[in-house]
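1. Would you be able to build a 3D model of this:
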Amino acid sequence: MPTIVKTPSGTWKTVIRKTGWPTVIKTFRLKKDAEDWGRRTEDDMVRGLFIQRASSERLTLEMAMKRYLAEITPNKRPLTQRGELRCSLPVIKFFGKYSLAAISPELVAKYRDMRLAGEDRLKDGKPRPRAPNTIRLELSLLGHLFTIAMKEWGVGLPHNPVLGIRKPAPGPGRNRRLTKAEEKKLFAAADAHTNPMLGWIARIALETGMRSSEIVTLRVEQVDTKRRIVKLENTKNTMPRTVPLSLAAKKLFDSALANPTRPETTNLIFFGEPGVDGARRPYNFNKIWLDIKSRVGVEDFHFHDLRHEAVSRFVEAGFSDQEVSAISGHKSMQMLKRYTHLRAEDLVSRLDNLAKRRVDTQQAKTSKP
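-> Sure thing, here's the model as predicted:
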């Protein structure tokens, strides 16, 4: 039976000592609350359902998130680390003062709806909704924090509150293709820039389907223009891959490798100016790219859309899904389909050719004696 004693301050303390369980102590203002809690807790111990909640009641979300960012996040890829640091800010702002035990599915759902509606971000007095994927990333971070706390930190919680709510539906994949006129204007402006690396990077992205991060971090030893391959070691999905080069891509890399301004102190193919520490880092072309897009009138075309365009062109050229996946590095066919957008007008001619072959086949059969 629980032991209930009155403290000098007038509160009631419940002490439970049971073989096989740690001693549990909790203080209440009313004796009835102390008795009720003692009976429930001892009953949970008998049934094997007891969870030591003291740690979760003392640990606030802000404290837990700081520990997560210090212990778990550094083990992830640099891009993921930056993303988690960014996602943690609104999560801490909303849940920071709550203990982990106080965060319920209802509270998480309230956070989700508030962020989706943009109630915490106003412009001219009107809310600015956020993209569903932004909230999905924030909820994913919050959910994994609870998982780590329960499995590795010994924090007593009955369940993960994030698992009990609906996640926002992912937005539709981008379907932005590059027209011939846009391509001509965009690359003419890139080629005209004072730094030739911008034009090389953009054209390589369209020729190979590589991500911008994969291109700008390339080092000399990764590119073999004789064999016409590029060996990627650090990719977004953590799987290394070898990218074949078209003749056009080979010529671009030949020009980039022969860049007379590349200093001997770096083996980066696309290099930036030295930092305060004297080290050179990958060429950061984002601001220049944004300026060029604005100047030629294609503000809605993202640099990553060059990858979409390249993958779509591979499919249109007749490459199989497995061949395209080997080049682009997509792990699943489902993800590959999101990046592949065939032009309907290009399919029209193929349908006409198919119909023509059927007619020719039928005529050949009827002409036979």
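
2. Low-confidence ranges, the stretch 201-350 of the chain, go.
-> Low-confidence regions of the stretch 201-350 of the chain, defined here as pLDDT under 70, cover residues 237, 335, 338-347, 350.

3. now the helices for it?
-> 212-216, 247-257, 286-296, 305-316, 321-328, 333-339, 344-367 (DSSP state H, counting those that start in this stretch).

4. Quick one: residues contacting residue 326.
-> Residues in contact with residue 326, defined by CB atoms under 8 Å, 6 or more residues apart in numbering, are residue 241. Any C-beta I mention is one placed from the backbone N, CA and C, and that applies to glycine too.

5. how about the strands of the stretch 151-300 of the chain, start to end?
-> 223-224, 229-232, 241-244, 271-274, 280-282 (DSSP state E, counting those that start in this stretch).

6. Any idea which of the ones you listed gets closest to residue 44?
-> Distance to residue 44, taken as CB to CB, is lowest for strand 241-244 among these, at 51.8 Å.

7. Any chance of the helices of the stretch 201-350 of the chain in JSON lines with distance to residue 85 as columns?
-> As requested, those are arranged in JSON lines below (distance: least, CB to CB, whole Å):
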{"stretch": "helix 212-216", "distance to residue 85": "17"}
{"stretch": "helix 247-257", "distance to residue 85": "32"}
{"stretch": "helix 286-296", "distance to residue 85": "19"}
{"stretch": "helix 305-316", "distance to residue 85": "25"}
{"stretch": "helix 321-328", "distance to residue 85": "28"}
{"stretch": "helix 333-339", "distance to residue 85": "25"}
{"stretch": "helix 344-367", "distance to residue 85": "42"}
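
8. Quick one: closest of those helices to residue 147.
-> Of all those, helix 333-339 sits nearest to residue 147, with 24.0 Å by CB to CB.

9. The nearest residue to residue 266 once chain neighbours are set aside and residue 207, how far apart?
-> Counting by CB to CB, 6 or more residues apart in numbering, the nearest residue to residue 266 once its immediate chain neighbours are dropped is residue 280, at 4.5 Å. Computed with CB to CB, to the nearest Å, the distance linking residue 280 and residue 207 is 25 Å.

10. what about these two, which has more around it?
-> Neighbour comparison, residue 280 and residue 207: the larger count goes to residue 207, with 21 against 16 (by other CB atoms under 10 Å).

11. Regarding stretch 66-80, how distant is the last residue from the first?
-> Terminal residues of stretch 66-80 lie 16 Å apart, using CA to CA, to the nearest Å.

12. Ok, stretch 320-333 next?
-> Chord length of stretch 320-333, first to last residue, is 11 Å (CA to CA).

13. and it, which residues are buried?
-> Judged by neighbour count (16 or more other CB atoms under 10 Å), stretch 320-333 contains these buried residues: 324-325, 327-330.

14. now those in TSV, with distance to residue 302?
-> Listed next are these as TSV, based on distance: CB to CB, whole Å:
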residue	distance to residue 302
324	20
325	22
327	20
328	16
329	18
330	18
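
15. Name the nearest residue to residue 68, sequence neighbours excluded.
-> Counting by CB to CB, 6+ apart, residue 145 is the residue found nearest to residue 68 once chain neighbours are left out, at 4.9 Å.

16. which residues sit in contact with that neighbour?
-> For residue 145, the contact set (CB under 8 Å, 6+ apart) comprises 64-65, 68.

17. From residue 273, how far off is it?
-> Taking CB to CB as the measure, residue 145 and residue 273 are separated by 38 Å.

18. Please apply the same query to residue 242.
-> Remark: distance between residue 242 and residue 273 (CB to CB) = 31 Å.

19. So between those two, which is more surrounded?
-> Set side by side, residue 242 and residue 273 give different neighbour counts by other CB under 10 Å, the larger being at residue 242 (13 against 8).

20. Am I right that residue 5 sits in a strand?
-> Yes: the assignment for residue 5 is a strand, going by DSSP: H, G, I helix; E, B strand; the rest coil.

21. count of residues packed around it?
-> Residue 5 sits with 10 neighbouring residues when counted by other CB under 10 Å.

22. Can you name the residues that contact the nearest residue to it once chain neighbours are set aside?
-> For residue 5, ignoring the flanking residues on the chain, the nearest one in space by CB to CB, 6+ apart is residue 13 at 5.4 Å. Residue 13 is in contact with 4-7, 25-28, 34, counting by CB under 8 Å, 6+ apart.

23. In the host helix or strand of residue 13, which residues are buried?
-> In the assignment (DSSP states H and E), residue 13 maps to strand 12-16. Within strand 12-16, the residues that qualify as buried by neighbour count (16+ other CB under 10 Å) are 12, 14, 16.

24. Also stretch 244-262?
-> Burial within stretch 244-262, assessed by neighbour count using 16+ other CB under 10 Å, is assigned to 245, 249-250, 252-253, 256, 262.

25. With stretch 89-97 instead?
-> 90-92, 94-95.

26. from these, which single one is nearest residue 180?
-> residue 90 (42.0 Å).

27. Let me see the contact set for the closest residue to that closest one other than its chain neighbours.
-> Leaving aside its chain neighbours, residue 90 sits nearest to residue 138 (6.3 Å; criterion: CB to CB, 6+ apart). Contact partners of residue 138, counting by CB under 8 Å, 6+ apart, are 87, 90-91, 115.

28. Recalculate using a threshold of 10 Å.
-> Listed by CB atoms under 10 Å, 6 or more residues apart in numbering, the contact partners of residue 138 are 84, 86-91, 94, 111-112, 115, 130, 162.
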